[in-house]
Each structure stands twice: as C-alpha cells, then as structure tokens.
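Visitor: have a look; sequence and predicted model below, questions after that.
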Amino acid sequence: VASGIARNLASPGPHFESLPLGATSARFVNDYCNWRRIPEYESFVRESPAKALARAVMASERSIFYHEHVLVKEPLAASPTPWHHDQPYYPIDG
C-alpha cells in the first residue's frame with residue numbers, strides 16, 4: 001500500500017486536494033476513488049484479508065467496498081485537520 005500512496009502522490013487523481021501549507025513545506029493532502037487506476041490499491045482491495053477482517057469485525061456475512069480515501073499529513077504540517085462527518089454520504093444504517 002505504501003508504494004501505492006507514493007504513486008498516488010506522484011500522479012494525483014481528479015479528487016486530489018492539498019490543504020494550505022502554512023509556515024512549513026510539509027504537505028497535508030487527500031485523494032480518493034483511485035483504486036482502479038493504482039495497482040497497489042486494487043491488489044489490496046481484491047487480494048488482502050481486509051474483506052474477511054471487515055466482515056468479522058462487523059459480524060456480517062458480507063461487506064461492501066465503496067472506495068478508498070487516502071489522507072497524507074506529513075510531519076510538521078501546519079494545517080489543522082478539518083472536522084468532518086461521513087454519515088450523510090453513505091447509505092449505511094448501523
């Protein structure tokens with residue numbers, strides 16, 4: 001996954017966002033919906049034990065993958081982490 005993040009940072013997707021740098025050059029960036037174009041992400045989604053682990057933690061017979069969301073906040077990044085709430089975006093109950 002680390003090599004996928006490096007690939008993502010080198011070639012950002014259409015949803016890439018970089019928050020203000022502030023007093024340092026440390027970056028705080030986010031990007032999402034890249035799992036089909038970044039082989040390391042797709043491999044993780046399809047081949048890692050994450051799916052089985054998610055089902056076990058949720059005590060569910062199945063899990064649904066919506067998308068990946070990568071957040072990278074380098075050491076000394078001056079931008080505060082914005083507060084947000086994901087619930088309104090996903091049709092999930094429980």
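Guide: Thanks, I have the structure now.
Visitor: for the nearest residue in space to residue 16 that is not next to it in sequence, give me its contacts.
Guide: Setting aside the residues directly before and after it, residue 16 is nearest to residue 31 in space (C-beta to C-beta, 6 or more residues apart in numbering), at 4.3 Å. Quick note: C-beta positions are derived from backbone N, CA and C, even for glycine. Residues in contact with residue 31 (C-beta atoms under 8 Å, 6 or more residues apart in numbering) are 8, 12-13, 15-17, 69-70.
Visitor: so residue 31 bridges to which residues?
Guide: residue 70 (DSSP bridges).
Visitor: what distance separates the start and the end of stretch 76-86?
Guide: Start-to-end span of stretch 76-86 (C-alpha to C-alpha, to the nearest Å) is 26 Å.
Visitor: okay, and the beta partners of residue 17?
Guide: residue 30.
Visitor: hmm, it is touching residue 32, no?
Guide: No - counting by C-beta atoms under 8 Å, residue 17 sits too far from residue 32 to count as a contact (9.4 Å).
Visitor: how about the residue positioned nearest the centre of the chain: what's its closest non-neighbour residue?
Guide: Central residue of the chain (C-alpha atoms, centre = their mean): residue 69, 2.1 Å from the mean position. Nearest in space to residue 69, with sequence neighbours left out and distances taken as C-beta to C-beta, 6+ apart, is residue 32 at 4.1 Å.
Visitor: residues touching the one you found, list them.
Guide: Shown in contact with residue 32 (C-beta under 8 Å, 6+ apart): 13, 15, 67-70.
Visitor: from these, which is closest to residue 51?
Guide: residue 68 (13.2 Å; C-beta to C-beta).
Visitor: hmm, residue 41 and the closest one touching each other?
Guide: Yes - Residue 68 is within contact range of residue 41, at 5.5 Å (criterion: C-beta under 8 Å).
Visitor: give me the common contacts of the two.
Guide: 34-35.
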